[in-house]
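J.: Pasting the sequence and the predicted coordinates here, then a few questions.
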Amino acid sequence: MRKEKEGAGKRRFLKKYDGLKYGWLKETKKFLLLLVILFIVFHNLIGFSFVKGHSMEPTLIEDNIVLYTRIHPQYHHGDVVSVRIPSGEYYVKRIIAMEGDVLDLRDGSVYLNGEPLSEPYLCGELTHEDDGIVRYPYTLQQGQIFVMGDNRAESMDSRSFGAVGIRQIRGKIWFRVGRFFIQKI
């Protein structure tokens with residue numbers, strides 16, 4: 001009888017911790033579920049990138065963090081995107097021309113399909129050819145895009161390395177995060 005009481009006492013004593021263990025296990029499951037959801041969201045739906053350099057000024061400045069969506073299959077002229085260039089690096093640039101477009105650089109201006117391109121986002125510098133592989137007028141093939149930075153004097157872009165494939169776009173940029181603000185692009 002004494003052994004039964006000792007056994008019962010131990011069970012009652014350990015039962016105090018059952019609720020604590022169950023609560024800890026429950027919270028751990030919630031945390032792991034949250035991590036899985038965040039991984040899926042950031043791997044498939046949205047992402048972020050850091051702006052390095054001055055090539056997108058005044059639209060984006062160095063050390064801005066930009067948020068982009070990966071699920072935006074329709075890109076348009078003027079969209080700001082995160083794109084993988086041929087060297088394997090990711091750059092933040094603006095889409096200037098898309099498949100089927102004829103791009104020309106003359107007298108410091110960009111001509112798209114024979115018409116001068118209105119670019120109110122530029123820093124004010126003229127757009128000149130780089131010593132890259134592109135010869136103008138340049139016709140983009142199917143699945144290609146031509147990207148440039150807004151600060152053309154400081155930008156390493158498609159003028160240097162050529163057009164990139166639309167499949168190399170990581171996502172369309174919607175917001176920039178500065179020191180004390182979030183701003184739509």
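T.: Received it, and whenever you're ready, just let me know what you need. From a predicted model like this one, the values you see are computed outputs, not experimental measurements.
J.: what's the next secondary structure element after whichever helix or strand Ser82 is part of?
T.: Using DSSP states H and E, Ser82 sits in strand 80-84. Using DSSP H and E, the helix or strand that follows strand 80-84 in sequence is strand 90-98.
J.: mind checking how far Leu117 is from Phe42?
T.: Distance, Leu117 to Phe42, using Cβ to Cβ, to the nearest Å: 34 Å. Every C-beta, even on glycine, is put in place using the N, C-alpha and C of the backbone.
J.: higher neighbour count, these two?
T.: More neighbours surround Leu117 than the other of Leu117 and Phe42, with 17 against 12 (other Cβ atoms under 10 Å).
J.: Quickly note the distance from the more buried one to Ser109.
T.: Leu117 is 7 Å from Ser109, by Cβ to Cβ.
J.: Next: Gly100.
T.: Distance check for Gly100 against Ser109: by Cβ to Cβ, it reads 21 Å.
J.: cool, Asn151 as well?
T.: Asn151 is 16 Å from Ser109, where distance means Cβ to Cβ.
J.: How about Ser118?
T.: For Ser118, the distance to Ser109 (Cβ to Cβ) stands at 10 Å.
J.: and the residue nearest to Ser82 when sequence neighbours are not counted, what element?
T.: Among residues not flanking Ser82 along the chain, Arg170 sits closest, at 4.1 Å (Cβ to Cβ, 6 or more residues apart in numbering). If you go by DSSP H and E, Arg170 is part of strand 169-177.
J.: Now do the helix or strand that that strand is followed by: distance to the chain's middle.
T.: Once the chain leaves strand 169-177, the next helix or strand it forms, by DSSP H and E, is strand 182-184. With Cα atoms, centre = their mean, to the nearest Å as the basis, strand 182-184 stands 14 Å off its chain's centre.
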